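Participant: predicted model, plus sequence, below.
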Amino acid sequence: MSTVFNFTFVPWFRSVAPYIHMHRGKTFVVGIAGEAIAAGKLQNLAQDLALIQSMGVKIVLVHGFRPQVNEQLAAKGHTPKYSHGIRITDSVALDCAQEAAGQLRYEIEAAFSQGLPNTPMAGSTVRVISGNFITARPVGIVDGVDFQHSGLVRKVDVDGIMRTLDMGAMVLLSPFGFSPTGEAFNLAMEEVATSVAAELQADKLIFVTEIPGIRMQPGEPASDDNPIDTELPLAAAKQLLASLPSPTEPTDIGFYLQHCVKACEEGVERSHILPFAVDGSLLLEVYVHDGIGTMVVDEKLEELREATADDVGGILQLIEPFEKDGTLVKRDRTEIERDIDHYTIIDHDGVIFACAALYPYPEAKTAEMAALTVSPQSQGQGDGEKILKRVEQRARAMGLKSIFVLTTRTMHWFIKRGFVQVDPDWLPEARKRKYNWDRKSQVLVKKL
């Protein structure tokens, strides 16, 4: 094994460890689009899910089957029919859906049964259990359209699912539900996953989809200046949804986003949209600081927001002990009042628990993140991460390419979160003039 590999593997593994601890014992509901299976991604997804489960996460897997049902319909000479973004399931489509679901269930069970040597599945035993956990009701007639055998979730057997998860098994759900009279209904994978996540009060709802996530400028084409928005606060996600036309296709911006918003409104703290086109996207999203797709997050009781003039006193109170012990450079009240627009804070019932300021240097396409502070009472709860992510969002929205920090004591915290050390000469000219050579601060930069 090469020394280079050792040097990259060890810090990488250490940086992943906090996320392994954080997610142990948590419940994730993962919805995989039928398109991912049609594109041949099942084997790798199964390996990644088995790996996540082996690290103590409870997983409910819901599969979609849109392309598989359409393929069966085409073989029978029928055309798929949709309205309001929902399939109209006549008796032929219901037969096709049952055939596709049966076939996919076997494929998924087989993928989790391959404990092949020299693969990530070696030595793993993943018990996959599916069952009649969903009670359904008909969609009925909407705007004069009879949806026939298409249904909506009426009830989720939370007890049954929890008991199965507690046994150490993975729960597999097909987008099917049955009425109390035994009638079968074809459901949408997205609706099943969202309802189950909400009913279980899951820690995460994750959609593995044909879209890469939501971009900073949603209507604009993909480019370096229009990256994926890795974290969307619930309020911003709702605002975006309200500005979009009603989604009908899975590739519409609002299609998965509407379900992420609904889940967050119903108590699921974090909902994610990931691309199946990127190998390992599940692992990248769950165990790497910046993730790869878009996460909609409901910051419950605490509020992550930009500061206002009313917050000056609270910010001073928070940073004062850190200025006294030399961790932070001293700032006086007038300076904070003047720069209050630059600050992002986390407040909980009117008390400020964390803050950071962002000073842009547009000519150098960079910005300084200064005065990042987390109250000793809430350290270790991820507030520093939340502030960092919001500051990164603000910098990206300004079209900047990087952010930098000057620090004398917390270098490792930043390195674990993607910053790299550079020479003070790297600093933009205007900032170099103010650099205190006696303090010997380390300069760390993160590309956005």
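Facilitator: Cool, the structure landed.
Participant: and the longest strand for the protein?
Facilitator: Determined from DSSP state E, the single longest strand within the chain is strand 351-361.
Participant: so what strands line up beside that one?
Facilitator: Next to strand 351-361 in the sheet, as set by DSSP bridges, lie strand 343-348 (antiparallel), strand 366-374 (antiparallel).
Participant: export the ones you listed to JSON lines and tack on distance to Glu323 and mean pLDDT?
Facilitator: No exception for glycine: its C-beta is placed from N, CA and C like everyone else's. Converted to JSON lines, the strands paired with strand 351-361 look like this (distance: least, Cβ to Cβ, whole Å; pLDDT from 0 to 100):
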{"stretch": "strand 343-348", "distance to Glu323": "15", "mean pLDDT": "89"}
{"stretch": "strand 366-374", "distance to Glu323": "9", "mean pLDDT": "94"}
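Participant: can you put the ones you listed in TSV and add mean neighbour count and distance to Leu49?
Facilitator: Output for these, formatted as TSV (neighbours: other Cβ atoms under 10 Å; distance: least, Cβ to Cβ, whole Å):
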stretch	mean neighbour count	distance to Leu49
strand 343-348	21	33
strand 366-374	23	33
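Participant: nearest to Val10, of the ones you listed?
Facilitator: Shortest distance between Val10 and those, using Cβ to Cβ, is found for strand 366-374: 25.9 Å.
Participant: now tell me what touches that closest one from outside.
Facilitator: 318-319, 322, 328-329, 331, 343, 353-361, 383-384, 387-388, 391, 395, 398, 400-406, 410, 428, 431, 445 (Cβ atoms under 8 Å, 6 or more residues apart in numbering).
Participant: helix or strand right after that strand?
Facilitator: The first helix or strand that comes after strand 366-374 along the chain, using DSSP states H and E, is helix 383-397.
Participant: what is the distance between that next one and the centre of its chain?
Facilitator: Relative to its chain's centre, helix 383-397 lies at 15 Å (Cα atoms, centre = their mean, to the nearest Å).
Participant: coming back round to it: just the buried ones among the contacts of strand 366-374, please.
Facilitator: Buried subset of the contacts of strand 366-374 (neighbour count, 16 or more other Cβ atoms under 10 Å): 318-319, 322, 328, 331, 343, 353-361, 383-384, 387-388, 391, 395, 400, 402-406, 428, 431, 445.
Participant: okay, domains of this protein per the record?
Facilitator: 3-297, 302-447 (automatic domain parsing).
Participant: okay, those, which one's buried deepest?
Facilitator: Among those, domain 3-297 has the highest mean neighbour count (mean count of other Cβ atoms under 10 Å), at a mean of 18.
Participant: chain center to that domain, what's the gap?
Facilitator: For domain 3-297, the distance to the chain centre is 12 Å (Cα atoms, centre = their mean).
Participant: what about it, average pLDDT?
Facilitator: The average pLDDT for domain 3-297 rounds to 92.
Participant: use 465 as the first number for this chain going forward.
Facilitator: Got it, the first residue is 465 from now on, which makes the last one we talked about domain 467-761.
Participant: and the longest helix belonging to the chain, what does it pack against?
Facilitator: Counting by DSSP state H, the longest helix found in the chain is helix 555-577. Judged by 3 or more Cβ pairs under 8 Å, 6 or more residues apart in numbering; DSSP states H and E, helix 555-577 is in contact with helix 498-502, helix 506-518, strand 522-527, helix 530-539, strand 592-593, strand 634-637, strand 640-642, strand 648-650.
Participant: CA atoms only for that helix - export them in CSV, please.
Facilitator: The C-alpha trace of helix 555-577 is given here as CSV (Å, rounded to 0.1, in the frame of the first residue of the first chain):
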residue,chain,number,x,y,z
SER,A,555,-57.0,-2.7,-15.3
VAL,A,556,-54.2,-3.3,-17.8
ALA,A,557,-51.8,-0.8,-16.1
LEU,A,558,-52.6,-2.4,-12.8
ASP,A,559,-51.6,-5.8,-14.1
CYS,A,560,-48.4,-4.2,-15.5
ALA,A,561,-47.7,-2.5,-12.2
GLN,A,562,-48.1,-5.7,-10.3
GLU,A,563,-45.8,-7.6,-12.7
ALA,A,564,-43.2,-4.8,-12.6
ALA,A,565,-43.3,-4.6,-8.7
GLY,A,566,-42.9,-8.4,-8.4
GLN,A,567,-40.0,-8.5,-10.8
LEU,A,568,-38.2,-5.5,-9.1
ARG,A,569,-38.7,-7.0,-5.6
TYR,A,570,-36.9,-10.1,-6.7
GLU,A,571,-34.1,-8.1,-8.3
ILE,A,572,-33.7,-6.0,-5.2
GLU,A,573,-33.7,-9.0,-2.8
ALA,A,574,-31.1,-10.7,-5.1
ALA,A,575,-28.9,-7.5,-5.0
PHE,A,576,-28.9,-7.6,-1.2
SER,A,577,-28.2,-11.3,-1.0
